[in-house]
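> let me see the structure of the following:
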Amino acid sequence: MTARSICLNKPSLYAANLLRFTNIRDIRTSANSSAFSGKNKLDKQITQNNTYKFLALTLKGKWIMNIELLKEKLEQLKKRPNCSKGTIDQIENWLTGSHILQRLRINPYYVAGNIVKNVKKITSEFLHGVKAGAFDLHWDIHCPHCNMITEEFKDLADTSEMSFCPMCEREFKIDLLDRVEVTFSLNKEIEDPQLRPVCAPPPVLQSKLQLVTPLYCTESEIVSLEKGRYRYCCPLTLAKGILKVEGEETEEIQEIKLLQLAGPDFDKKELAVRPGKLKIELTNSEHNLSGLILHSDELPDELTVEQLPLRLSGMQLLHHPDYKRLFGDQVISERERVKIRAITIMFTDITGSTRMYETLGDTKAYNIVRDHFEIFFESIEKFGGKVIKTIGDAVMASFISNEQAIMAAAGAVACLREYNSTRQPQEWIQVRIGIHRGTALLVNLNNSIDYFGSTVNKAARIQNLSKSDEVSFSEDVYSDAAFLTALKAAGVSEIQKRVEDLKGIQGAQVAFTARINTESVIPLSATLVAEKS
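Modelled structure (predicted):
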């Protein structure tokens, strides 16, 4: 179960919380898989006396990591043109210093440490590593109530609209922005622990206890509990139960003994104790690894993004340029519609394109339009956007944030100004831009990723409010402080509020139009790139 809140800008703190859950002291990768055979067997007494060494080396006779094969794969990655050798070394150092539970699901933000700006490069090398057979890619679906990983899909085509959490026993809608985390793991040829992915509980659940118990072992811990209702569970085996703390407080240390059974159950599913100190003991005789998390039974209706850790969302991956280049053929099924809680849609269009074709002729005008596409495509990708499609000489693009959208627009306007400076006025490219943010459905249209819904329609209509070198945007976008900061840095001459009837949209709509000062866009682009890179 993954979290964000206090760890928002310090992924390493969350990693420490995960370590506290695992309760594994000295698990480090320190050997090569060729040293032991899968036929090796250790008796229970040796295993109990060397619990952590045993877990570090083997799970039911399997070595944790084949270091030689890992190094071989990473060296192959370094031979790729334009690779980042320093980033690959950073990934290798993190892997060789990690433990098995961290590697079950590798979060690029944890590999980046405190240098969050490196996440894009790290993700890029992981994606190339997936193609090279060094890593596996996972789309992990998280419960919106407890944040447990409920299921995963390997390919975007396998996603669905709904999922079910066995811990909360609730069904929920999948959202690629908030509820789908993209992670990596070592390819099974390098490491195959055969364990469920696990994540620490969100701080909002106020976890009281976190134990991990290797095979044939017993672990215990003493906690102090107030009156209330608690749930205990194992995210590895999906075992769960309810603990009621009621009655008068006692000074004696009460004891509870739990046994992890062979299936997804503890031997006791409901317990009752008095307030005070409690020793909880968990014995595991059936699973490679089992655990115990104890927290309040009061689950939030829905965890907010701010309560979750920094992590690579499904939408972020879809907007990563290397994902499109390497996995662009992956789309959701034609039968599925995945709701996105919030996405920023931008439409651009060339003003006076009809006159351009009439004046310059089809061939020359077409080439100019293609130049315009290249300029916009480059700027959209540079600032984290994704080109969805072109419609005539118009461009539709999506962004994770409003700020990215205006930065891409400003960057493109700057390049178009430079382009126009070397051409006759009749060859100038001038554009109008519209931006809106809201919910949308992610769909498969003509075997490509597309969006459907009122947000898309409104963004297109808002674009029609703009004139040459103007950007119009909705009230939803205007209320975003980061967007306004970037817009003002672009040197807008004014922001005009307007109330308009937009075709196909019921009721008068509030919108805003600003003229981009092309003289100041070039320094703006350089400044914003420096700040965001």
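
> and for the residue lying closest to residue 445 once chain neighbours are set aside, the neighbour number?
The shortest distance from residue 445 to any non-neighbouring residue, by Cβ to Cβ, 6 or more residues apart in numbering, is to residue 452 (7.8 Å). (Glycine included, C-beta is placed from N, CA and C.) By other Cβ atoms under 10 Å, the residues close to residue 452 number 13.

> ok, residue 452 to residue 340 distance?
To residue 340, residue 452 is 10 Å away according to Cβ to Cβ, to the nearest Å.

> need the residues touching each of these two.
Common contact partners of residue 452 and residue 340 (Cβ atoms under 8 Å, 6 or more residues apart in numbering): 440, 441.

> which helix runs longest in the protein?
Longest helix of the chain, by residue count under DSSP state H: helix 362-382.

> point out the other helices and strands that it packs with.
Taking 3 or more Cβ pairs under 8 Å, 6 or more residues apart in numbering; DSSP states H and E as contact, the helices and strands that helix 362-382 lies on are strand 338-350, helix 353-360, strand 386-391, strand 394-399, helix 402-420.

> from the chain's centre, how far out does stretch 156-167 sit?
The offset between the C-alpha centroid of stretch 156-167 and the centroid of the whole chain comes to 16 Å, using Cα atoms, centre = their mean, to the nearest Å.

> helix, strand or coil for the nearest residue to residue 256 once chain neighbours are set aside?
Using Cβ to Cβ, 6+ apart and skipping residues adjacent in sequence, the residue nearest residue 256 is residue 280, 5.1 Å away. Assigned with DSSP: H, G, I helix; E, B strand; the rest coil, residue 280 falls in the strand class.

> and residue 280, what are its bridge partners?
Counting by DSSP bridges, residue 280 is bridged to residue 221, residue 256.

> so how far is residue 215 from it?
According to Cβ to Cβ, residue 280 and residue 215 sit 19 Å apart.

> for these two, indicate the residue with more neighbours.
Neighbour tally, residue 280 and residue 215, criterion other Cβ under 10 Å: the higher count belongs to residue 280, 24 against 20.

> for that one, give its distance to residue 353.
Taking Cβ to Cβ as the measure, residue 280 falls 71 Å from residue 353.

> quick one on the thing from earlier: list the contacts of the longest helix of the chain.
Helix 362-382 is contacted from outside by 321, 346, 348, 350, 353, 356-357, 359-360, 386-387, 390, 393, 395, 397, 408-409, 411-412, 415-416, 419, 427, 429, 431, 529, using Cβ under 8 Å, 6+ apart.

> run a quick neighbour tally on residue 301.
If we define neighbours as other Cβ under 10 Å, then residue 301 has 6 of them.

> how far away is it from residue 96?
Distance of residue 301 to residue 96, given as Cβ to Cβ: 41 Å.

> how about residue 311, phi and psi?
Residue 311 adopts backbone torsions of phi -150, psi 160, taken as degrees, to the nearest 10.

> not counting sequence-adjacent ones, nearest residue to it?
Computed as Cβ to Cβ, 6+ apart, the closest residue to residue 311 that is not its neighbour in sequence is residue 181, at 4.7 Å.
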